[in-house]
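Peer 1: below is the sequence, then the predicted model.
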Amino acid sequence: MVYPLVLTSCQVEKTVPGPGMGDFSYVGIDAILEQMRRKAMKQGFELNIMVVGQSGLGKSTLMNTLFKSKVSRKSVQATSQEKIPKTIHIKSVSHDIEEKGVRMKLTVIDTPGFGDQINNENCWQPIMKFINAQYEQYLQEEININRKKRIPDSRVHCCIYFIPPTGHCLRPLDVEFMRRLSKVVNIVPVIAKADTLTLEERDFFKQKIREELRANGIDVYPQKEFDEDAEDRMINDKIREMIPFAVVGSDQEYQVNGRRLLGRKTKWGTIEVENIAHCEFAYLRDLLIRTHMENIKDITSSIHYEVYRVRRLNENNTAVAHANGLPQHHMTSHEM
Amino acid sequence: MAATEIARQAGEGARAVPLAGHVGFDSMPDQLVNKSVNHGFCFNILCVGETGLGKSTLMDTLFNTKFEGEPTQHNQPGVQLKSNTYELQESNVRLKLTVVNTVGFGDQINKEDSYKSIVEFIDTQFEAYLQEELKIKRTLHSYHDTRIHACLYFIAPTGHSLKSLDLVTMKKLDSKVNIIPIIAKSDAISKSELTKFKIKITSELVSNGVQIYQFPTDDETVAEINSTMNGHLPFAVVGSTEEVKIGNKMVKARQYPWGTVQVENENHCDFVKLREMLIRVNMEDLREQTHTRHYELYRRCKLEEMGFKDTDPDCKPFSLQETYEAKRNEFMGDLQKKEEEMRQMFVQRVKEKEAELKEAEKELHEKFDRLKKLHQDEKKKLEDKKKSLDDELNGFKQKKTAAELLQSQAQQAGGSTTLKRDKERKNSGFL
């Protein structure tokens, strides 16, 4: 007994008039936006940021400045004297922060020891291993039979790479690291401690960096190939012209012109962190948090993670295929 | 080389820290909503009910549009599911709405299998999603979700109780889809009868263990309205796309000689409640329940059926991959065994056939020998006969010559005259 299913797809554009044109014609489909917002507020958000750079570049301070609270590892671990570790460690710290009813679980992943040794060969390896381990963990949870309602997301959404303000060009270590990691994670390069560069030096440095990134085929966030439409491209092109952002971090407030502002006080003046004439911290904050956070998470889950998943599932198939002496295409019926 | 030390401080129970100023991530819900708006939404409703209960009309009324051009033909055997997809837009929200109708439900003489095609349809949608999810190269992001989010079950307005067909069908569907029972064409029932009817229906559902969809009450913003609405189930609805002038407004209504039933009047029917609950308040929850409860249940059952397990006897988590590979090896082994068996059987058969043929050959030889012998015997007999015949002939010839000799002798003795006479006679004969 076969019950045939008749499927007709009728694409009819019917514009239902909104409220105000007589209440009886308003259906209420757009109420779903409100429903989604409610659900999102209830669930809360997760964000995992990794900071990579040599010691002394102000990574922890920048994190604290970005999230206006003591979220970095240093603030959590009370270490009287910070020793540079002999190997690369990966330490992550999680905090629950809340703003206007929106709850977020923020995880800051620190990488002390990166680039600090004399021989820095393969120093990206432990970091890549960590990032892949997070993908692996998510994959394992996803292919379970009894799955959790919400799989905890520990995947690294964004990796902020700190470039020392030499003013010349990228170092080989920078190029190597960014080249390898831009393939597995969203990289946001920043020029650290930018208050040591004048505006001209800064612009020259940025141009040099952009050229070198292009020459080496390094695609940093926002990646050109993931622009969804013309509007996206326009917005992202503007950002791409400005990266890497030259940032200054600070968690101390000073009195400037009658207002209390975050800044760094020196003998020759006070650098205001949130003043875009002084440094580009505000742009970084807006990009990361206020406008592109969802997009960063989206690219991580729908592109980087999927690439990892495809590779992982394929490598199993090939291994078994060779063991059984079967050609690859034989597996298509049992694709997993 | 470089060692990795992964130390998760304050792990799951991360500490809460206060913020010293405005960071800006309160825009996250907005970012999320914007992304969804750009992407569009999809919602799939299944309408189950007997022919003529006003399913299509109700859909038209709910979404304020005329969906189908003509009513469906009701002359096919069995229950058919007809699915239509529409793109609706309201302000900036684009909705891909799919309405699935059951054609011919309850029309058969024997309704035992009516529910089967519905269950099959729902499972097919789950299966399609599962296949997409299990693919190696998948595009879940742009996948058109066809899983049924809500099932409106149309109850005929008899006023007494649920039909057994209804109970059986709902029982089969309650673990697969969110069921919202509604009383169709409720303008046929009076107010008092309606209350009794609703109570009867609810008690029957409870006593038969049918799990209908409960509007969620865990979110304070909507808990109150949802719990009130839960008490009004099943909704008694009236559908109409025709407009009637009441006062100075045009309203959707059904006009009778004794009065007009206004669809959107809450005193007349529960249409507004249905619309409120289905679309304006709980659409997202319906979608979520479908994904996290019904789909997960289907997935779990399907994967277990295929033989996958999460933990092996040692309680170490199996990876789906390993289980899958083990299964594949097992399957290959089975195949090989079968091949061996077949080969052996083939060899056996060949041997048997050979033996048979040999037997036949032997028989043929024997037959040939026999025939040859027979032939020789016959030949011998004939030769014997010939010999005896020759002997006889010889004997006769001898006798003949002997007789002739005797005769000639006798004639010679006193028969020379005869001889002359014979000679003369002979000569005269010649002349």
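Peer 2: Yep, that arrived.
Peer 1: can you map out the strands along chain A?
Peer 2: A:5-15, A:45-52, A:90-99, A:102-110, A:158-163, A:187-191, A:245-246, A:253-256, A:259-266, A:269-272 (DSSP state E).
Peer 1: closest to chain B out of those?
Peer 2: strand A:90-99 (3.6 Å; Cβ to the nearest Cβ). C-beta coordinates here come from the backbone N, C-alpha and C atoms, glycine included.
Peer 1: quick check: buried residues in that closest one?
Peer 2: Along strand A:90-99, these residues count as buried under the neighbour rule (16 or more other Cβ atoms under 10 Å in any protein chain shown): A:Ile90, A:Lys91, A:Ser92, A:Val93, A:Ser94, A:His95, A:Ile97, A:Glu99.
Peer 1: hang on, the earlier thing: export the strands of chain A to JSON lines and tack on distance to B:Lys196 and mean pLDDT?
Peer 2: Below are the strands of chain A laid out as JSON lines (distance: least, Cβ to Cβ, whole Å; pLDDT from 0 to 100):
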{"stretch": "strand A:5-15", "distance to B:Lys196": "38", "mean pLDDT": "39"}
{"stretch": "strand A:45-52", "distance to B:Lys196": "49", "mean pLDDT": "92"}
{"stretch": "strand A:90-99", "distance to B:Lys196": "50", "mean pLDDT": "88"}
{"stretch": "strand A:102-110", "distance to B:Lys196": "47", "mean pLDDT": "90"}
{"stretch": "strand A:158-163", "distance to B:Lys196": "61", "mean pLDDT": "93"}
{"stretch": "strand A:187-191", "distance to B:Lys196": "66", "mean pLDDT": "93"}
{"stretch": "strand A:245-246", "distance to B:Lys196": "70", "mean pLDDT": "92"}
{"stretch": "strand A:253-256", "distance to B:Lys196": "71", "mean pLDDT": "80"}
{"stretch": "strand A:259-266", "distance to B:Lys196": "69", "mean pLDDT": "83"}
{"stretch": "strand A:269-272", "distance to B:Lys196": "74", "mean pLDDT": "85"}
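Peer 1: any chance of those in a markdown table, plus distance to chain B?
Peer 2: Output for these, formatted as a markdown table (distance: least, Cβ to the nearest Cβ, whole Å):
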| stretch | distance to chain B |
| --- | --- |
| strand A:5-15 | 5 |
| strand A:45-52 | 5 |
| strand A:90-99 | 4 |
| strand A:102-110 | 5 |
| strand A:158-163 | 13 |
| strand A:187-191 | 16 |
| strand A:245-246 | 16 |
| strand A:253-256 | 9 |
| strand A:259-266 | 8 |
| strand A:269-272 | 14 |
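Peer 1: for B:Glu264, which of those strands is the nearest?
Peer 2: Ranking the strands of chain A by proximity to B:Glu264 (Cβ to Cβ) places strand A:5-15 first, at 19.5 Å.
Peer 1: break chain B down into its domains, please.
Peer 2: B:38-304, B:318-394 (the TED database).
Peer 1: export the strands of chain A to a markdown table and append columns for distance to B:Arg15.
Peer 2: Below are those laid out as a markdown table (distance: least, Cβ to Cβ, whole Å):
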| stretch | distance to B:Arg15 |
| --- | --- |
| strand A:5-15 | 50 |
| strand A:45-52 | 15 |
| strand A:90-99 | 6 |
| strand A:102-110 | 11 |
| strand A:158-163 | 22 |
| strand A:187-191 | 26 |
| strand A:245-246 | 29 |
| strand A:253-256 | 23 |
| strand A:259-266 | 23 |
| strand A:269-272 | 30 |
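Peer 1: with that, I have no additional questions.
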